[in-house]
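**Student:** Sharing a sequence plus its predicted fold:
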Amino acid sequence: MNLPQSPVLRLVPSASRLADAPELSWDQAQIVERKQGSGPLLIWGAPGTGKSTVLIESTVRRVNHDDVDPAKVLLLAPSRVAAARLRDALSARLDRTVSTSPARSWASYAFDILRRAQAEGLVPNADRVPKLISGPEQDLFIRELLAGHALGLAPGPQWPEELHEALLTRGFRQEVRQLFDRIVDNGLLPSDLVELGRENNRPDWQAAAQLYREYRDLIELKNPGCYDPAGIVRAASELFDANPDWLARERERHSLILVDDLQETGRAVHGLLRRIGTGQEMLATACPDTVVQGFRGARPDRVGLVRDELGANEAVLSSSHRLNQPLAAAWLRIAERIAQSKGGHKARQLDFPADEPTVGPESEQVVSGVVVGSDVQQRRFVAERIMHFHVDRERPLRDMAVIVRTGAQVAAFGRYLVSHGIPVRISAAETPVRDEPAVRPLLLAYRVAVTPELLDAELAVDLLTSRIGGLSSVQIRRVRKLLRAEEIANGGVRGSDELLVEGLQRPAQLAALGVDGRAAARMATVLAAGSQAMTEPGANPQSVLWALWDATGLSTEWATAALREDANGSRADRDLDAMMALFQAAERYVEQSPAASPEAFVEYLLNQELPMDTLAARAESGDAVEVMTPASAAGRQWPVVIVAGLQEGVWPNNRLRGELLGSQYLVEVLELGAASARRLAAVQRMRDIRYDELRSFATAISRASERLICVGVSSEDEQPSGFLDLVDPWPIEDNDGLRPLTDVRRPKTLRALVAELRQANERGANERDSDDRAEQPAAEAARVLAELARNAVPGADPSSWWGLAPLSSTDPILPVDAVVPVSPSKIEAVHESALSWFLQAAGGEAQLDLARSLGTLIHGIAQDLPAGNAEELLAELANRWPALGLPENWETAAQLRRAERMLRKLAGYLRLISAQGHELVGVEQGFGIEVPGARIAALKGIVDRLELTAEGTLIVVDLKTGKNKPTAAQVEQHPQLGAYQVAAKHGAFEQIAPTASVGGAALVQLGDGTDKYDPQFQAPVDPEHDWATPLVQEAAVLMSAAAFITAHDPSANRNNCPLPDVCPLCRGKQVTQ
């Protein structure tokens, strides 16, 4: 295996000096100056009062002045990311090193406890190294269990009937995870939940108890020694309960315990803290009004109880270091709507210096609530505000953040900003690894390496057009044509789909096809590298992934691009982060399942529907706006924050959580008793949900230090959130209390500026003849465009405007002496509108739709069973129908009935001509003849049927599966039938019926929706009045011309134009018109 060599690492002292001590406010200094031995302390504080700073500086002081050993300091945070930030901050302030990181998440700390206990033989199965499974892995285990029950692989729980339709949904698994977490938080066993289910008439709890038992068994079977995040904290507490001496030794290990954001923790953490913190020196911070972990069981209402259990004193931080007075007032209006208990109101005290400076221009509100008319306008407004601060206020993009409620909104806003040239940074924790644009093609390539037969034409196109493949649809079309031409030259008959798949298995063949082929060959090389890696001894997910990634050759390219401070740099930076997360996931998988095969890894990752928490090292990217959810924003701040997506039903989302399986009701039963829990009304539970929404919103708006903009949508379908009026109250006397829609200006991006200047220039040019005043704005726009063009701004130089570009050629599309290919089925189209014919012939044609696929199927059956009866035709249809790959729904059923009707009509027609004495002499008969004229026409095509009548004349029959039936008058000179007669007259079918005269042609309408199958007959073309040959000759002239005229039948609906975007009679115009 060609794995990279492990580098030799050597630790060297940092060349950078220690960070300067921050200037502390008087209330911070009071706490920091407390000496070691002062006892436990709970610190209340609003956002931005410096709670985390107090923890860091208290540690520094006690280490430097009270001789506290830094190795005996334990700093706990609610998440790994928060712990990493605290670790970095503490490391920057301490002038000495420690052997282990003092900052940990609660799950990480519990894991460390179990690992050390396992090393000392204090836990069962001491040979098993404890492991921590992630949330997405937990979701995957539950999904596998539920799917196995649905397939009958194992007897499943007896779920209530009303839940059956929900069992395989992601939402149901989320409810299951919440219930499992509450089970663990409260130390319940499956038998306890069964008993509670009986007592409270909850059969769903009894079913969930069985599922929980199977879930624990599955984890033990697949990953022995594994714990989920909630379970590992409870396991650590149970270990201490069973081993008091071990608990005493654990307390001796820590001289100082610091807990940040205690409000983000739940009952399991509170239990562990009570065990290790009793009688210990401890500092803990809390702000119960800013919580983002409510969905994980955070209990801000219990912070005061934890204080009482530990016998902690209290202190309050009230000096605002982040929020200015308008921002603080907005935050307080939110916080005051949240019920508090046990001292939580103390975290709402905020003091400001008397000489607090004014922030920003007086013309701009520090806090503003805005309503726009649509989601598109909302995203445009956000882009416009970002560029306003960046261009007009000269703010770096890194000073700004966009906060939305959901991961889906993060992706939508991120895509929009990037599309407008605004660099964006999105945390990998917001998107499942499998869905990252850079990761997905590598996973697809991995699947092909594992299972080569999966590679088909659709997957080949996905790979080639991916972030790694990099080809456009036009390039793929050119590659297809080159492969097809090579195939024909070698006498082959395979289609381009099969050739494309084969090409991806032969890199050298693609590389020989020129520029586009070489671009496609890169992906073929990647697939070959993966296949080779799979054959290596000891192959595992890491080695196969590395082979695939190394073969892309993109590492240096993306690393270089990531250094640029533009949208492309932002994308490359995110792509590299995604790759790091992918390799970290592979490393984690190999560590947890060393015996698992490479085949199992791809299914493991592709089945994960939730983002994976990751601390994969990421490079410090350039100047970019961050887009995130409140959970990712917690603990951070930016000068400018835009909170978007404030619509009712979105934020706040007042849908009751945990109601499907009653996870919240379970907590109430355990805490209040069954009788009291039953008396709680739904409105009270709704109130608690709203408190959770208020807390997450309070977290979001309190990230701003200078400017806060909140934006929502008001339209027929959406109503702006009431949170807007809490942030920026709107006077009820203005506009009947309704906040007016805000006009959204053009974002100040170069692309938008160029577009506006070009519009002004064209508008002035068009109006100059009627209004001399239009000349001045147009001239000014032209001068600015010229300046932009001199600086190579895309789109500013008129030479790049398609509307002004000269015609690439004015010659006929075929040389004047060349034979012109003419298809009978296209003659009518070129006569109706030569432009439409040309555009479709050049590739401007819609993808193959169901109607055409159905027609191909019917023609194939008619060809293979040219004399079949109804039973035979319908049986063949049943055999071939699954090949269409249609979903099982009412629309597919309707199409099947339509196909059956067409075949019954075909059977009726075959009975009719048999009774009339017709003899079938040709099916799907190809022909090719030349028709002389102003341009020689190479008339070439395929006829569905050739029939000899009882009188010995030859009739060409065309089967029609479309719904439009021509009139009798139209059939008399039907162009396609006429072309068939011309071909027959010129001897196209002499070898089949050498003595037969042409007896005419006929259409058989199979798809017109009627039960009639009588053919529509076209009489033989009279040599004295030959209308068909001139039609073919004129078609050859039109098809070989230098210009193509468009036309619409005055009686036709213009909306039926096949290509209205380029048709000058419709909306197709030049960009300079």
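**Tutor:** On my side now, so go ahead. The structure displayed is predicted, hence computed values, not measured ones.

**Student:** What residues sit buried inside stretch 913-929?
**Tutor:** 913, 918, 921-923, 925, 927, 929 (16 or more other C-beta atoms under 10 Å). The way it works is simple: take the backbone N, C-alpha and C, and place the C-beta from them, glycine included.

**Student:** Pick the one among those closest to L193.
**Tutor:** Lowest distance from L193 to the buried residues of stretch 913-929 (C-beta to C-beta) belongs to V923, with 69.3 Å.

**Student:** Tell me which residues touch the closest one, please.
**Tutor:** V923 makes contact with 862-863, 866, 944-946, according to C-beta atoms under 8 Å, 6 or more residues apart in numbering.

**Student:** can you check N653 too?
**Tutor:** 405, 693.

**Student:** change the start of the numbering to 574 and stick with it
**Tutor:** Got it, the first residue is 574 from now on, which makes the last one we talked about N1226.

**Student:** any idea how far G1285 is from it?
**Tutor:** Computed as C-beta to C-beta, to the nearest Å, the N1226 to G1285 distance reads 14 Å.

**Student:** The host helix or strand of V1047 - what's its average pLDDT?
**Tutor:** Secondary structure assignment for V1047, by DSSP states H and E: helix 1046-1062. The pLDDT scores in helix 1046-1062 average 80.

**Student:** now the strands: where do they sit in the stretch 574-723 of the chain?
**Tutor:** Applying DSSP state E, counting those that start in this stretch to the stretch 574-723 of the chain gives strands spanning 614-618, 646-650, 676-678, 704-705.

**Student:** Listing partners with orientation, what would you give for the shortest one?
**Tutor:** In other words, strand 704-705. Paired strands of strand 704-705, with direction, are strand 799-800 (parallel) (DSSP bridges).

**Student:** ok, back up a step: quick one: the contacts of V1496 as TSV, columns for distance to Q1468, neighbour count and pLDDT too.
**Tutor:** Formatted as TSV, the contacts of V1496 follow (distance: C-beta to C-beta, whole Å; neighbours: other C-beta atoms under 10 Å; pLDDT from 0 to 100):
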residue	distance to Q1468	neighbour count	pLDDT
A1435	17	25	92
Q1436	20	14	91
P1439	24	15	91
D1517	21	20	93
R1518	24	24	93
L1519	30	24	94
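
**Student:** low-scoring stretches of the stretch 974-1123 of the chain, by residue?
**Tutor:** Along the stretch 974-1123 of the chain, the model assigns pLDDT under 70 to residues 1001-1005, 1066.

**Student:** With distance to L1233 and mean neighbour count added, can I get the strands of the stretch 574-723 of the chain in a markdown table?
**Tutor:** Below are the strands of the stretch 574-723 of the chain laid out as a markdown table (distance: least, C-beta to C-beta, whole Å; neighbours: other C-beta atoms under 10 Å):
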| stretch | distance to L1233 | mean neighbour count |
| --- | --- | --- |
| strand 614-618 | 36 | 25 |
| strand 646-650 | 31 | 24 |
| strand 676-678 | 29 | 22 |
| strand 704-705 | 27 | 20 |
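
**Student:** V1213: which of the ones you listed is closest?
**Tutor:** Closest of the strands of the stretch 574-723 of the chain to V1213 is strand 614-618, at 23.2 Å (criterion: C-beta to C-beta).

**Student:** Please identify the pairing partners of that closest one and their relative orientation?
**Tutor:** Applying DSSP bridges to the sheet, strand 614-618 is found paired with strand 855-859 (parallel), strand 886-890 (parallel).

**Student:** Please identify the buried residues of the last one?
**Tutor:** Going back to what we said before, that points to strand 886-890. Buried residues in strand 886-890, counted by 16+ other C-beta under 10 Å: 888-890.

**Student:** Mean confidence (pLDDT) on that strand, please.
**Tutor:** 94.

**Student:** Touching it from outside, list them.
**Tutor:** With contact meaning C-beta under 8 Å, 6+ apart, strand 886-890 is reached by 598, 600-601, 603-604, 612-619, 622-624, 627, 880, 916, 919-920, 922.

**Student:** Following element in sequence after that strand, please.
**Tutor:** Downstream of strand 886-890, the first helix or strand assigned by DSSP H and E is helix 898-908.

**Student:** helices and strands around the helix or strand just after that next one, which ones?
**Tutor:** Note on helix 898-908: by DSSP H and E, the next helix or strand toward the C-terminus is strand 940-945. On a contact count with 3 or more C-beta pairs under 8 Å, 6 or more residues apart in numbering; DSSP states H and E, strand 940-945 meets helix 898-908, helix 948-960, strand 1277-1286, helix 1296-1300.

**Student:** tell me the most buried of these?
**Tutor:** Looking across the helices and strands packed on strand 940-945 with neighbours counted as mean count of other C-beta atoms under 10 Å, the highest average goes to strand 1277-1286: a mean of 25.

**Student:** average pLDDT for that one?
**Tutor:** 95.

**Student:** just to revisit the earlier point, need the strands of the stretch 574-723 of the chain in a markdown table with distance to A1206 and mean pLDDT, can you?
**Tutor:** Below are those laid out as a markdown table (distance: least, C-beta to C-beta, whole Å; pLDDT from 0 to 100):
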| stretch | distance to A1206 | mean pLDDT |
| --- | --- | --- |
| strand 614-618 | 18 | 95 |
| strand 646-650 | 15 | 93 |
| strand 676-678 | 17 | 87 |
| strand 704-705 | 25 | 76 |
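
**Student:** Domain boundaries for this structure, per the record?
**Tutor:** Annotated domains of the chain cover 599-700+803-921, 707-795, 940-978+1202-1310, 1006-1179, 1323-1373, 1382-1420+1489-1646, 1421-1473 [automatic domain parsing].

**Student:** Export these as JSON lines, with columns for distance to S992.
**Tutor:** Output for those, formatted as JSON lines (distance: least, C-beta to C-beta, whole Å):
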{"stretch": "domain 599-700+803-921", "distance to S992": "28"}
{"stretch": "domain 707-795", "distance to S992": "28"}
{"stretch": "domain 940-978+1202-1310", "distance to S992": "9"}
{"stretch": "domain 1006-1179", "distance to S992": "8"}
{"stretch": "domain 1323-1373", "distance to S992": "9"}
{"stretch": "domain 1382-1420+1489-1646", "distance to S992": "19"}
{"stretch": "domain 1421-1473", "distance to S992": "29"}
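
**Student:** Select, out of those domains, the one closest to V1317.
**Tutor:** Closest approach to V1317 among the domains of the chain (C-beta to C-beta): domain 940-978+1202-1310, 4.7 Å.

**Student:** Give me the distance from that closest one to the chain's centre.
**Tutor:** Put simply, domain 940-978+1202-1310 sits 22 Å off its chain's centre (C-alpha atoms, centre = their mean, to the nearest Å).

**Student:** Over to stretch 821-832?
**Tutor:** Relative to its parent chain, stretch 821-832 has a centroid offset of 44 Å by C-alpha atoms, centre = their mean.

**Student:** Which residues belonging to it are considered buried?
**Tutor:** By 16+ other C-beta under 10 Å, the buried positions in stretch 821-832 come out as 823-824, 827-832.

**Student:** again, but for stretch 1462-1478
**Tutor:** Neighbour counts using 16+ other C-beta under 10 Å place 1468-1469, 1471-1473, 1475-1478 of stretch 1462-1478 among the buried residues.

**Student:** From the residues you listed, which land in helices?
**Tutor:** Among the buried residues of stretch 1462-1478, the ones falling in helices (DSSP state H) are 1468-1469, 1471-1473, 1475-1478.

**Student:** that older thread, from the contacts of V1496, which land in strands?
**Tutor:** 1517-1519 (DSSP state E).

**Student:** need the residues you listed in JSON lines with distance to I1049, can you?
**Tutor:** Listed next are those as JSON lines, based on distance: C-beta to C-beta, whole Å:
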{"residue": "D1517", "distance to I1049": "32"}
{"residue": "R1518", "distance to I1049": "36"}
{"residue": "L1519", "distance to I1049": "38"}
